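Student: What follows is a predicted structure for the sequence shown.
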Amino acid sequence: MKPYEGLINRVYEIFSIVDSLPERISDEELEGLLHVLPADMRNTFGAFFAPHVRPISMELFGMVKKWLDGAHETKRSGGKVFLVPFNFLPEVIFCFEGAWPITSEVLSSLGVMALEGQGERYWDYAMGLGLPDFACSANMIEVGSALTESDFTPDAIISDCFGSCDINSKTHEFLARYMDIPLLFLEKTVDNGERGVKQYYKYFFKLAEEMEEFLGQELDEERMRRVIGNANKASELYWELWDLHKFKPCPVPNLFSLFTYAARFTMWGTEDAVRIMQTMVDTAKERLERGEYPADREVARSLWTYTSYYFDMGGLFNWMEDNGITHLGDGLDLYFPEVVDLTSRETMLTGLAEIARNMPMTRQMGANSMSVQWLDDVTWAAGELGADCCIYCGHHSCKQTWSSATVVRSELMKRQKIPTLILQGDSWIRRMTPMSALQESIEEFVKNVVKQR
């Protein structure tokens with residue numbers, strides 16, 4: 001293996017084994033598979049193939065494999081692949097013939113979950129180039145891989161994190177300038193009043209026109225209806241799954257929080273996203289009917305106010321379940337999807353613009369008052385889902401959320417009467433805070449604060 005063989009290419013090779021796995025893998029087959037895998041990958045597979053999530057994990061892996069296949073096939077057939085941040089809508093790109101989205105944060109996460117050594121070699125490479133260590137690992141791991149110039153290269157980059165995450169915006173801009181890749185912008189006004197919303201719609205329509213010019217085609221209304229129709233179905237299923245979280249004990253497995261936005265950030269607008277959302281809803285309903293919960297009882301219902309941790313799936317999501325701690329979702333699940341009017345090109349683009357304006361971080365950190373909007377959304381979600389505590393991950397590079405974390409914690413206690421645990425650790429890099437230390441903090445918080453109330 002070359003020292004800096006690309007992340008996307010390595011992940012793509014690993015996911016090529018998905019087609020070789022049996023549809024219903026047995027415990028014996030799983031044990032044999034885990035035995036030959038590298039330790040880092042074995043840890044993730046072990047978490048995803050726990051018996052109560054195994055069927056949906058197989059479906060998720062199939063969707064991710066198809067997403068990666070689509071990027072490579074688009075390249076081979078002369079189409080255009082767009083690198084986008086997580087808060088840009090993939091269905092916008094699927095509306096164009098011969099265009100495909102790849103999402104930097106999802107790619108970084110796949111590297112952390114599936115690769116031996118996780119994504120550390122690419123982070124270290126970027127740091128070696130002189131990039132600042134307060135850059136966000138969520139996108140810098142993938143960008144670091146791209147900067148080695150030994151990885152899959154996108155044809156264009158869309159940047160839409162202005163005002164909500166300057167680190168994200170500058171990282172993608174740097175990659176575009178460094179590798180001479182076309183860069184398209186979607187700006188967001190901090191004004192959420194009528195004037196600001198209208199201006200954002202103008203920016204969104206302008207981006208659509210720039211994409212048409214770049215791709216040499218006009219948006220086809222029938223194709224848009226088909227793609228956005230799929231997105232509408234997935235959005236309706238999102239709200240069904242949301243309502244299922246309200247039952248006590250929660251019938252929705254903790255990992256479904258991750259699976260939900262994995263679908264949202266990759267294949268939303270396709271039948272694959274609809275299918276996996278439907279499977280999650282059906283699975284949760286079946287578990288509700290059977291009264292299934294992993295632990296003897298549900299001792300805490302936690303809502304994570306920002307991101308979760310992704311370098312140890314079993315150590316977070318499954319460990320919490322085993323200890324009766326429900327993960328009701330995190331900030332990346334708070335994208336509040338809406339059904340789009342399919343009447344015309346204009347109504348569809350307007351609907352997409354409104355959804356884009358309310359994507360995670362764009363909505364909260366890009367508001368005219370970050371602490372107010374973030375607090376309002378978390379407070380509403382905590383009340384709706386019956387959370388009895390919140391957890392803030394304290395992600396390394398999110399200085400903007402750190403500036404408001406204590407304000408949000410204090411106001412959450414006043415409004416919902418629920419405590420918030422503030423952790424410190426990088427969501428994608430294990431070297432900062434080991435999972436054992438995070439588990440200890442969560443365990444002590446639940447035991448000494450949540451259960452004592």
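Tutor: Arrived safely. Numbers count the residues shown, from 1 in each chain.

Student: which element follows the helix or strand of the chain with the lowest mean pLDDT toward the C-terminus?
Tutor: Sorting the helices and strands of the chain by mean pLDDT, DSSP states H and E puts helix 27-36 at the bottom, at a mean of 75. Later in the chain than helix 27-36, the nearest helix or strand by DSSP states H and E is helix 39-48.

Student: Other residues contacting that following helix?
Tutor: Here helix 39-48 makes contact (CB atoms under 8 Å, 6 or more residues apart in numbering) with 14, 30, 33-34, 37, 54, 57, 60-61, 113-118, 255, 312-315, 317-318. Where you see a C-beta, it was placed from the backbone N, CA and C, and this is true even at glycine.

Student: Filter those residues down to the buried ones, PyMOL style.
Tutor: The PyMOL selection below is limited to those of those classed as buried (16 or more other CB atoms under 10 Å):
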select buried, resi 14+30+33+37+54+57+60+61+113+114+115+118+255+312+313+314+315+317+318
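
Student: Show only the entries of the contacts of helix 39-48 found in helices.
Tutor: In this view, these that belong to helices under DSSP state H are 14, 30, 33-34, 54, 57, 60-61, 113-114, 313.

Student: How much space separates the nearest residue to residue 439 once chain neighbours are set aside from residue 325?
Tutor: The shortest distance from residue 439 to any non-neighbouring residue, by CB to CB, 6 or more residues apart in numbering, is to residue 319 (6.1 Å). Applying CB to CB, to the nearest Å, the value for residue 319 to residue 325 is 8 Å.

Student: Which residue of the two possesses the greater neighbour count?
Tutor: Taking neighbours as other CB atoms under 10 Å, residue 319 and residue 325 compare with residue 325 leading, 23 against 19.

Student: Contacts only, for the closest residue to the more buried one other than its chain neighbours.
Tutor: Counting by CB to CB, 6+ apart, residue 325 lies nearest to residue 300, which is 4.7 Å off, once chain neighbours are set aside. Applying CB under 8 Å, 6+ apart, we find residue 300 in contact with 324-326, 388-389, 446, 450-451.

Student: Can you select the buried ones among those for me in PyMOL?
Tutor: In PyMOL syntax, the buried subset of the contacts of residue 300 is picked out as below (16+ other CB under 10 Å):
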select buried, resi 324+325+326+388+389+446+450
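
Student: Between which two of the contacts of residue 300 is the distance greatest?
Tutor: Using CB to CB, the contacts of residue 300 span at most 13.7 Å, a distance reached by 326 and 451.

Student: Residue 22: what secondary structure?
Tutor: Here residue 22 is recorded as coil under DSSP: H, G, I helix; E, B strand; the rest coil.

Student: Isn't it up against residue 28?
Tutor: No: counting by CB atoms under 8 Å, residue 28 is not a contact partner of residue 22; they are 11.1 Å apart.

Student: Wasn't residue 72 part of a helix?
Tutor: Yes: counting by three-state DSSP, residue 72 is located in a helix.

Student: Quickly find the element holding the nearest residue to it once chain neighbours are set aside.
Tutor: In this structure, residue 72 finds its nearest non-sequential neighbour in residue 12, 6.8 Å apart by CB to CB, 6+ apart. With secondary structure defined by DSSP H and E, residue 12 is part of helix 7-15.

Student: So what touches that helix?
Tutor: 41, 61, 64-65, 68, 71-72, 102, 107-108, 110-111, 114-115, 119, 122, 141-142, 145, 150-152.

Student: and it, which residues are buried?
Tutor: Across helix 7-15, burial judged by 16+ other CB under 10 Å covers 7-8, 10-12, 14-15.

Student: what's next to the least confident helix or strand of the chain, contact-wise?
Tutor: By CB under 8 Å, 6+ apart, helix 27-36 touches 21-22, 25, 42, 45-46, 49, 54.

Student: Narrow these to just the buried residues.
Tutor: Among the contacts of helix 27-36, the ones that count as buried by 16+ other CB under 10 Å are 25, 42, 45-46, 49, 54.

Student: Could you dump the residues you listed into CSV with pLDDT added?
Tutor: Formatted as CSV, these follow (pLDDT from 0 to 100):
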residue, pLDDT
25, 78
42, 80
45, 81
46, 85
49, 87
54, 89
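
Student: Quick check: the farthest pair among these?
Tutor: Spatially, the most separated pair among those is 42 and 54, at 15.3 Å (CB to CB).

Student: per-residue pLDDT, residue 4?
Tutor: On pLDDT, residue 4 comes in at 55.

Student: Equivalent analysis for residue 163, please.
Tutor: In this model, residue 163 is scored at 68, pLDDT.

Student: Can you tell me the element the residue nearest to the spatial centre of the chain falls in?
Tutor: When CA atoms, centre = their mean is applied to the chain, the residue found nearest the centroid is residue 261 (4.5 Å). Per DSSP H and E: residue 261 is located in helix 256-264.

Student: Burial check on the nearest residue in space to residue 169 that is not next to it in sequence, number of neighbours?
Tutor: Excluding the flanking residues, the one nearest residue 169 by CB to CB, 6+ apart is residue 161, at 4.6 Å. Neighbours of residue 161 under the rule other CB under 10 Å: 26.

Student: Tell me which residues touch residue 161, please.
Tutor: Residues near residue 161 by CB under 8 Å, 6+ apart: 85, 87, 168-169, 172, 361-362.

Student: That one belongs to a helix, doesn't it?
Tutor: No: secondary structure of residue 161 (three-state DSSP): coil, not part of a helix.

Student: ok, it to residue 91 distance?
Tutor: 18 Å.

Student: what ranges do the helices span in the stretch 151-300 of the chain?
Tutor: Taking DSSP state H, counting those that start in this stretch, the helices of the stretch 151-300 of the chain run over residues 166-179, 194-215, 221-244, 256-264, 271-290.

Student: Reformat the ones you listed as TSV; add distance to residue 356 and mean pLDDT.
Tutor: Below are those laid out as TSV (distance: least, CB to CB, whole Å; pLDDT from 0 to 100):
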stretch	distance to residue 356	mean pLDDT
helix 166-179	15	85
helix 194-215	6	95
helix 221-244	12	98
helix 256-264	12	97
helix 271-290	17	97
